[in-house]
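S.K.: could you look at this predicted model? Sequence included:
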Amino acid sequence: MTNKNLVYYASFFTYTIQGMVAISLGLLIPHMSITYSINHSQSGTMILFMLLGGTIASTVGGLLNDRLGEKTLTIIGSLCLILGYSMMLLINNITIIFILLFIVGCGTGIFNIALNMLVATVSRSNPKKTNALHTFFAIGAVLATIIITIITYYELPWKMFLFILIAMSATSILLFANIHIERHAQKSKSKSNDLSFFKKPQIYILVLLTFFYVGAECSINGWAVTFFNESGIVSNSASNTVLTIFWVLVIIGRLLNQRLSITLESRIIGSSIIILISYVLLLSTSSIIVLIVSVIMLGLSMSAFYPNVVANSSEKLKDNATAIGLILSFGGLGGAVIPWTSGIIAESNGIKAGMYAVIVSIIFLIIASLLNSLLRNKKTVLRAAREDIE
């Protein structure tokens with residue numbers, strides 16, 4: 001019999017690692033640029049390789065989920081992190097670093113599909129549990145910013161942070177190795193082999209939502225510290241503090257998210273519009289007060305977007321692992337392509353131009369959010385008309 005609480009604790013701990021890994025690359029890029037003597041374009045390529053690994057692993061993980069189970073997949077994900085980071089401690093060749101970041105990305109991609117599916121299955125697609133899982137992602141992001149800020153302040157080697165991630169990944173393996181998870185193979189198999197979701201327009205809209213959102217989020221996380229440092233809005237030491245404030249607000253927003261009585265689709269639309277307003281405000285201001293206000297707005301608006309989309313996907317696609325894996329993998333693809341494109345633009349036109357390019361992604365995000373809501377309203381109207389006829 002599955003012990004639900006142990007599954008939740010292990011999943012939340014491992015998703016904390018996911019948050020730490022996701023945010024840490026952007027925080028470490030200034031340090032890595034010095035260590036490896038790389039420019040903005042190469043920094044963007046590092047982000048690209050890591051997120052491409054996540055994209056491929058999410059897709060493959062969705063296909064393998066029912067064969068191997070979420071427990072085995074999660075252990076494989078932890079092993080990817082241990083392998084990638086352990087080798088990074090020993091090697092300084094930038095080409096090999098790209099490959100190692102790809103392996104690390106595979107680990108995060110596996111976490112993404114395995115843990116979202118595991119929590120959805122055990123909780124029977126309870127949005128509160130999905131939201132709680134993603135709250136721990138934000139907690140991981142805050143922990144990463146605090147630890148890296150301390151490392152920077154005391155001028156310690158930045159690779160110390162990799163030791164912490166290796167130790168936590170090993171702990172995750174121990175946790176999952178000692179948890180019994182009851183599997184319903186036949187039921188899962190029938191769901192996984194059902195490819196009828198390709199006929200549903202929802203799948204394509206949800207793919208667009210994750211593609212543009214994850215792309216925007218990864219661009220902001222990946223380039224924010226570099227942007228703050230080079231623009232001179234805040235001091236180098238204060239840049240990580242601003243990012244910490246952002247992720248604390250994400251935690252608060254995710255805790256408040258489930259108290260809203262409006263539909264998931266309405267939350268997604270509202271969030272996307274506020275993301276655009278706050279991001280434009282962030283880029284256009286030279287006032288520290290306006291900067292803080294925009295960071296607060298951005299943190300709160302982005303806080304529940306991704307967990308709401310994941311919950312919306314589970315609700316519409318009936319926890320089909322292949323379908324959800326496909327949606328999450330396109331999120332990883334957006335998270336790879338859009339930050340990389342921003343890096344290319346930043347290299348030739350400056351970091352601010354690279355950051356402004358992300359606005360295009362947010363505009364498409366709003367369009368996809370509106371389509372998602374219109375599709376729900378259309379189905380509601382058709383259902384009501386059918387009931388009237390009957």
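M.R.: Perfect, thanks for sending it.

S.K.: shaky segments in the stretch 201-350 of the chain?
M.R.: Across the stretch 201-350 of the chain, the ranges flagged by pLDDT under 70 are 236-237, 258, 260-262, 317-319, 321.

S.K.: helices of that one, start to end?
M.R.: With helices called from DSSP state H, counting those that start in this stretch, the stretch 201-350 of the chain shows them at 201-231, 236-257, 264-284, 288-303, 305-317, 321-349.

S.K.: could you do the stretch 1-150 of the chain as well?
M.R.: 4-36, 40-68, 70-90, 94-122, 127-153.

S.K.: reformat the helices of the stretch 201-350 of the chain as TSV; add mean neighbour count and distance to Leu25.
M.R.: Just so you know, the C-beta spots here come from the backbone N, C-alpha and C atoms, and that holds for glycine as well. As requested, the helices of the stretch 201-350 of the chain are arranged in TSV below (neighbours: other C-beta atoms under 10 Å; distance: least, C-beta to C-beta, whole Å):
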stretch	mean neighbour count	distance to Leu25
helix 201-231	23	6
helix 236-257	20	13
helix 264-284	19	20
helix 288-303	19	18
helix 305-317	24	18
helix 321-349	24	10
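
S.K.: looking at the helices of the stretch 1-150 of the chain, spot the one closest to Val207.
M.R.: Nearest to Val207, of all these, is helix 40-68, at 11.8 Å by C-beta to C-beta.

S.K.: same for the closest one, what does it pack against?
M.R.: Packing contacts for helix 40-68, counted by 3 or more C-beta pairs under 8 Å, 6 or more residues apart in numbering; DSSP states H and E, involve helix 4-36, helix 70-90, helix 94-122, helix 185-193, helix 201-231, helix 321-349.

S.K.: now tabulate the helices of the stretch 201-350 of the chain in CSV and tack on distance to Thr59.
M.R.: Listed next are those as CSV, based on distance: least, C-beta to C-beta, whole Å:
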stretch, distance to Thr59
helix 201-231, 12
helix 236-257, 26
helix 264-284, 23
helix 288-303, 24
helix 305-317, 15
helix 321-349, 4
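
S.K.: closest one to Val142 among those?
M.R.: helix 236-257 (4.5 Å).

S.K.: and the angle for the closest one with helix 264-284?
M.R.: Calculated by axes from the mean of the first three to the mean of the last three C-alpha atoms, to 10 degrees, helix 236-257 forms an angle of 160 degrees with helix 264-284.

S.K.: convert the C-alpha atoms of helix 236-257 to PDB, please.
M.R.: What follows is helix 236-257 as a C-alpha-only set of coordinates in PDB (Å, rounded to 0.1, in the frame of the first residue of the first chain):
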ATOM      1  CA  ASN A 236      26.000  43.600  -8.000                       C
ATOM      2  CA  SER A 237      25.500  42.400  -4.400                       C
ATOM      3  CA  ALA A 238      21.800  43.500  -4.400                       C
ATOM      4  CA  SER A 239      20.900  41.700  -7.700                       C
ATOM      5  CA  ASN A 240      20.600  38.300  -5.900                       C
ATOM      6  CA  THR A 241      18.500  39.900  -3.200                       C
ATOM      7  CA  VAL A 242      16.100  41.300  -5.800                       C
ATOM      8  CA  LEU A 243      15.800  37.800  -7.200                       C
ATOM      9  CA  THR A 244      15.200  36.300  -3.700                       C
ATOM     10  CA  ILE A 245      12.400  38.800  -3.200                       C
ATOM     11  CA  PHE A 246      10.900  37.700  -6.500                       C
ATOM     12  CA  TRP A 247      10.900  34.000  -5.500                       C
ATOM     13  CA  VAL A 248       9.600  34.700  -2.000                       C
ATOM     14  CA  LEU A 249       6.600  36.400  -3.700                       C
ATOM     15  CA  VAL A 250       6.200  33.300  -5.900                       C
ATOM     16  CA  ILE A 251       5.900  31.200  -2.800                       C
ATOM     17  CA  ILE A 252       3.300  33.600  -1.300                       C
ATOM     18  CA  GLY A 253       1.400  33.700  -4.600                       C
ATOM     19  CA  ARG A 254       1.200  29.900  -4.800                       C
ATOM     20  CA  LEU A 255       0.000  29.600  -1.300                       C
ATOM     21  CA  LEU A 256      -2.800  32.100  -2.100                       C
ATOM     22  CA  ASN A 257      -3.600  30.600  -5.400                       C
END
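
S.K.: so what touches it?
M.R.: 23, 27, 131-132, 134-135, 138-139, 141-142, 145-146, 148-149, 152-153, 221, 224-225, 228-229, 234, 267, 291-292, 295-296, 298-304, 307-308 (C-beta atoms under 8 Å, 6 or more residues apart in numbering).
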